[in-house]
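In: Pasting the sequence and the predicted model now:
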Amino acid sequence: MDSVRHLVVGGGISGLAFADRLRDEDVLVLERDDEIGGYCKTVHQDGFVWDYSGHFFHFRHPEIERELVERMKDQKILVVAKDSRIWFADSWVDFPFQKNIHQLPKADFAECLHDLYFKDREHPGTPKSFLEMLYAKFGRGIAERFLVPYNEKLYATDLGRLDVEAMGRFFPYANVDEIVANFGGGRDTSYNATFTYPEGGAIQYVRALASGLDPAQIVTGEAVVGIDLQRKVARTSRREIRFETLVSAVPFPALLRLCGMAFDESLYTWNVVEVFNLGFDRKGPPGIHWAYYPQRDLSFYRVGFYDNIFGSDRMSIYVEIGRPQGYRTTPEAREETLARVLADLKRVGLVDEHRLVSHHHVLLDPAYVHVTRGSQRDVDAKKRALATRGVFSIGRYGSWTYCSIEDNIVEARALADACNLAASAG
Ligand SMILES: Cc1cc2nc3c(=O)[nH]c(=O)nc-3n(C[C@H](O)[C@H](O)[C@H](O)COP(=O)(O)OP(=O)(O)OC[C@H]3O[C@@H](n4cnc5c(N)ncnc54)[C@H](O)[C@@H]3O)c2cc1C
């Protein structure tokens, strides 16, 4: 039987960041797919560069970004001042909606402002869910014009099920003073007012992390199919491997299944995001990077524009559609959805005489996990139990949370540092 001190399951950002930081060469990364990258894969097709879904980066730790960029010698890193907008009443409103209600038609503005002013009277008490939080913090006008329909389209679930903190720091909070101050034309102070993007796509960050490893330490096309916690042995699609420590970036409920641990399936729900990457023969609207669509009768909730990041002359976009858990598609259904997407793009004025010259499709499943108090409690308790067996679950899906690749790197490195420390102490 093969044996390794540190077995890493998943060759995405999290698994590679862990293995790269570890000061022990006895480490093996197993990736089920034929290539590394997980959700940070990039597609090059017909002269277009697309990620699995738009991945743009805002680093809060400049040292992490510097270190990764230093490893990308051949890459130009584009630094872009974000232009994101919301499509409302056949016109554009700057993102975030709640800070730009003064840009709405007068009657909408008046109602949003009225409801914002009286929100504490109308929605008293501590909100218990994401839905209640939206009403309590912003009032009915803002909630029902944008925040509720948009997030329902995205999460494809009843927002009353989600935790108040379902989006953590990624939710653009704003108090009444900030909203009113913005009426004079404020700066965008949302968490990612500028972002960076490597010319070669999101996969460049993955490759930068992988470059710290010996290629023999990464094996693709090999899935872990079972984990024996007693014997500390992983069964893969090819062999058995004994380990001392196992670090997994597999979605948490799937890891529990691999370990044969019983759990309450109803605690773990998520959405699926269906992504169409579309390349056209001519330019679309200039300048804009993201457009948000709260309208329930439009298929997509968000469109992102690669051509306005690259400064290229053919419209290159990703279109995201929120789907419920369990969503499956067929080639016929995909074609139908694509036709609907193209019609909707025309309706909102992004496409007129444009000819679609290239397209690519992917389902992200899971995409946004439904963070609830129950799921958070269960993940914490079961992660602690697994840790006593030398099994550590990390990553966006391994920790069952909402986070960025930078958060993944920070979490993975903290675990590697703890392993390094334990090794040097023992
Ligand atoms: C729609 C969308 C947009 C996003 N946009 C951004 C953004 O703009 N900026 C940003 O910073 N982040 C963004 N993210 C988040 C980012 O994609 C994730 O944080 C990151 O990719 C997670 O990396 P990971 O390694 O934790 O998980 P993954 O990328 O899921 O990697 C896990 C790996 O484990 C492998 N695996 C699973 N099961 C097994 C098994 N049994 N055996 C072996 N291997 C297995 C998988 O194939 C996969 O490669 C976005 C996410 C989504 C869904």
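Out: That came through, no problem.
In: was I right about Val233 contacting Glu244?
Out: No - at 11.3 Å, Val233 does not count as touching Glu244 under the criterion of C-beta atoms under 8 Å. Placement of C-beta: from N, CA and C, glycine included.
In: Show me which of those two is the more surrounded one.
Out: For Val233 versus Glu244, the count of surrounding residues by other C-beta atoms under 10 Å is larger for Val233: 18 against 14.
In: Name the residues linked to that one by a beta bridge.
Out: Residues in a beta bridge with Val233, per DSSP bridges, are Asp228, Arg242.
In: What residues does it make contact with?
Out: Val233 is in contact with Met1, Ile227, Glu240, Ile241, Arg242, Phe243, counting by C-beta atoms under 8 Å, 6 or more residues apart in numbering.
In: Which entry within these corresponds to the minimum pLDDT?
Out: Minimum pLDDT for the contacts of Val233 is recorded at Met1 (90).
In: Leaving aside the residues adjacent along the chain, what's closest to that one?
Out: On the basis of C-beta to C-beta, 6 or more residues apart in numbering, the spatially nearest residue to Met1 that is not a chain neighbour turns out to be Glu240, at 5.0 Å.
In: Quick check: the one you found vs Phe392, distance?
Out: Taking C-beta to C-beta, to the nearest Å as the criterion, Glu240 is separated from Phe392 by 20 Å.
In: So which of these two has more stuff around it?
Out: The residue with more neighbours, out of Glu240 and Phe392, is Phe392; 21 against 14, by other C-beta under 10 Å.
In: Can you point out the buried residues in the lowest-mean-pLDDT helix or strand in the chain?
Out: Among the secondary structure pieces of the chain, namely its helices and strands, helix 176-181 has the lowest mean (mean pLDDT, DSSP states H and E), a mean of 84. For helix 176-181, a neighbour-count test (16 or more other C-beta atoms under 10 Å) marks Ile179, Val180 as buried.
In: After it, which helix or strand is next?
Out: On the C-terminal side of helix 176-181, the nearest following helix or strand under DSSP states H and E is strand 194-198.
In: Centre of the chain to that following strand, how far?
Out: Distance of strand 194-198 from the chain centroid (C-alpha atoms, centre = their mean, to the nearest Å) equals 15 Å.
In: OK, contacts around His55?
Out: Contacts were defined as C-beta under 8 Å, 6+ apart; by that measure His55 touches Tyr39, Cys40, Tyr197, Gly201, Ala202, Ile405.
In: Count the residues that sit near the last one.
Out: What that stands for is Ile405. Residue neighbour count, defined by other C-beta under 10 Å, stands at 25 for Ile405.
In: same question, the second one
Out: Neighbouring residues of Cys40 were enumerated by other C-beta under 10 Å; the total is 23.
In: what's it in contact with, if anything?
Out: In this structure, Cys40 makes contact with Gly12, Ile13, Asp51, Tyr52, His55, Ala202, Ile203, Tyr205, Val206, Ile405, judged by C-beta under 8 Å, 6+ apart.
In: I'd say the first one and Tyr205 touch.
Out: Read it as Gly12. No - the pair formed by Gly12 and Tyr205 falls short of the contact definition of C-beta under 8 Å, at 10.5 Å.
In: So those two - more neighbours on which side?
Out: Ranked by neighbour count (other C-beta under 10 Å), Gly12 and Tyr205 place Tyr205 first, with 30 against 26.
In: close to the ligand, is the helix or strand encompassing the more buried one?
Out: With the criterion set as DSSP H and E, the secondary-structure element containing Tyr205 is helix 203-210. No - remark: helix 203-210 sits outside contact range of the ligand, by C-beta under 6 Å from any ligand atom, the gap being at least 8.5 Å.
In: Can you name the residues in contact with the helix or strand following that helix?
Out: Note on helix 203-210: by DSSP H and E, the next helix or strand toward the C-terminus is strand 218-220. Outside of strand 218-220, the residues that reach it under the criterion C-beta under 8 Å, 6+ apart are Gly11, Leu16, Ala19, Leu28, Val29, Leu30, Glu31, Asp33, Asp34, Glu35, Ile36, Ala210.
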